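Undergrad: Return a 3D structure for these sequence lines:
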Amino acid sequence: MPPANPIHFHSSMRPPQPRKSQYAKVAEDLAREIENGFYKIGDLLPSEADLCERYNISNHTVRHAMRVLQDKKLAMPERGRGTRVIGASSKRRYIHALDSIPDLGELVKNTKIRVIRRTNIPFDQALTPLPAHVPEWQLIEAIRYVTLKEPLVWKHVYIDPIFTKAAKKIGSSSEPIYKLIERFYDESLSRVKQEVGAVLIRGAAAGILRVNEGAPGLAIARQYIGASGRILEVTYSVYPADRFRYRSELRLEHTG
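TA: Residues are numbered from 1 along each chain as shown. All right, here's what the predicted structure looks like:
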């Protein structure tokens, strides 16, 4: 059984605290259980039905809680399986930020792309956080490869529906996606937010990448932001650990 909920003592000398929402409480409980080792990396969290019964809440509330765990990089949904633990603690996660944009088109020039599927999905069903002000995004699932026998990367590309013309070119054009958006629309890439982390490759991704279930991999999530401040595209890419190295150079600027 999961650890018992802590007892809270209330004092009349202390101002009343705002009531915590149901989904926040569920997310907090599960995050604590993950950090305490009750659920380990690779484990599946309880099903929606189990959590609905445990907390007497709706499926919508459970999904909101799962979204919080996903944003904290503690868990990730897997189609047809449930939600799997991918991180042991949100507190100990180290994020390395870069202040300059590398040559983002280099991978595109040296590889080919194969589109697996195209569809539209709600913003809260993506593998990486998407802005909620766009309720539905275009999803392009694809692989990049030098040889189809050994794909280099499996990725989800999320594009704002206003950039449909550029999205249709993915798979038939050798240009980076943000370059297509710049060419067709009055937008220009200004900055890229990037987060890199280790993952276990499971489910459909493992089959597509031709690796064993649970093989180690590297996940890179990127947000491409235009000069207007609008997010042009969001990508979530998974690389098998033995097929990819990410190299960058940092320069120290001297002043005075």
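Undergrad: Could you use CA atoms for every contact and neighbour count after this?
TA: Noted.
Undergrad: any idea how far Leu139 is from Ile116?
TA: 11 Å (Cα to Cα, to the nearest Å).
Undergrad: Comparing the two, which residue is more hemmed in?
TA: A direct count of neighbours by other Cα atoms under 10 Å for Ile116 and Leu139 places Leu139 higher, at 22 against 14.
Undergrad: Am I right that the more buried one is in contact with Thr119?
TA: Yes. Leu139 is within contact range of Thr119, at 5.3 Å (criterion: Cα atoms under 8 Å).
Undergrad: Show me what whichever strand or helix holds Lys25 is packed against.
TA: Per DSSP states H and E, Lys25 falls inside helix 22-35. Counting contacts by 3 or more Cα pairs under 8 Å, 6 or more residues apart in numbering; DSSP states H and E, helix 22-35 packs against helix 59-71.
Undergrad: quick one, the helix it packs on and helix 22-35 angle?
TA: 50 degrees (axes from the mean of the first three to the mean of the last three Cα atoms, to 10 degrees).
Undergrad: got the buried residues for whatever helix or strand comes next after helix 59-71?
TA: Under the assignment DSSP H and E, the closest C-terminal helix or strand after helix 59-71 is strand 75-78. By neighbour count on 16 or more other Cα atoms under 10 Å, the buried set for strand 75-78 is 75-77.
Undergrad: Return the distance of stretch 118-132 from the chain's centre.
TA: 10 Å (Cα atoms, centre = their mean, to the nearest Å).
Undergrad: mind listing what's buried in that stretch?
TA: 123-124, 126-130.
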